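[1] predicted coordinates and the sequence they were generated for:
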Amino acid sequence: MKLIDLTHTIVPDMPQWPGDKQPLGIPRNSRHGPDSHMSSSMEFGCHVGTHIDAPLHFLVGQPGIDEMPLDRFIGQGVVIRAGDGETVQVLGPEVCEGIDLAATDFVLFDTGWDRHWGSERFYREWSYLSPELAELLAASQLKGVGLDTPSLDSFDGRAAHDICAPAGMINLENLANLGALPSRGFTLMVMPLKLQGTEASPVRALALVPEFQESV
């Protein structure tokens, strides 16, 4: 088995959703010295970089990240190739044709948009789910849906979030390196920080892939 990292590194002044608190990086409180050791701190929002949105993000009364069962964050995944990294699309249900959604836990959409990570374009426009596609996914008893874009919706939209949240699905946003995954046959692990009562958390998103699998 091999592990594939699907996570963007958190760095100072990294791209962030417009209006969210800009990450201040990871300050060093102390450094190595004769009478000291290295100690760091963190200061950034829960939606920084590669992260999970729990249903609580858009649906009142849902459990916080810390209250959700751990098995909601691990399962079998499939990748749907849905873009060239340049064309902005509204993804419709037709992209799932031929995919057995009943046999998977997570559907990940590889739009190629992570190539713009670090540029102004990344948070200006992106491909997102149509309400019809969100309805299909929400009806399929999935644990979650993920993209290599900033959101399931357009910048000023919320339809896909509003559809997926009542189905209990988590959303994975700002994924990286989906092109390195096979289309199916891998285990996705997206464990959040145990943050009390929060609607989101940064994650280290990983895929466990059998050695014989190849990216297709």
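    Noted; the coordinates are in hand.
[2] and stretch 12-31, how far from the chain's centre?
    19 Å (C-alpha atoms, centre = their mean, to the nearest Å).
[3] other residues contacting it?
    Residues outside stretch 12-31 that contact it (C-beta atoms under 8 Å, 6 or more residues apart in numbering): 8, 10-11, 36-45, 47-49, 117-119, 122-123, 150-151, 155. (C-beta placed from N, C-alpha, C; glycine too.)
[4] are any of the residues you listed buried, and which?
    The neighbour count (16 or more other C-beta atoms under 10 Å) marks His8, Phe44, His47, Val48, Gly49, Trp117, Phe122, Tyr123, Pro150, Ser151 as buried among the contacts of stretch 12-31.
[5] tell me which residues of stretch 11-19 are tucked away?
    Met14, Pro15, Gln16.
[6] hmm, I was thinking of stretch 48-61
    By neighbour count on 16+ other C-beta under 10 Å, the buried set for stretch 48-61 is Val48, Gly49, Thr50, His51, Ile52, Asp53, Ala54, Pro55, Leu56, His57, Phe58, Leu59.
[7] among those residues, which are in strands?
    Of the buried residues of stretch 48-61, the ones assigned to strands by DSSP state E are His51, Ile52, Asp53.
[8] need the helices for the protein, in chain order.
    Here the chain has its helices, by DSSP state H, at 131-138, 159-164.
[9] elements contacting the shortest one?
    Read that as helix 159-164. helix 131-138 (3 or more C-beta pairs under 8 Å, 6 or more residues apart in numbering; DSSP states H and E).
[10] what sits closest to the residue at minimal distance from the centre of the chain if chain neighbours are left out?
    Closest to where the C-alpha atoms of the chain average out (C-alpha atoms, centre = their mean) is Leu172, at 2.3 Å. Nearest residue to Leu172, sequence neighbours excluded (C-beta to C-beta, 6 or more residues apart in numbering): Gly146, at 3.0 Å.
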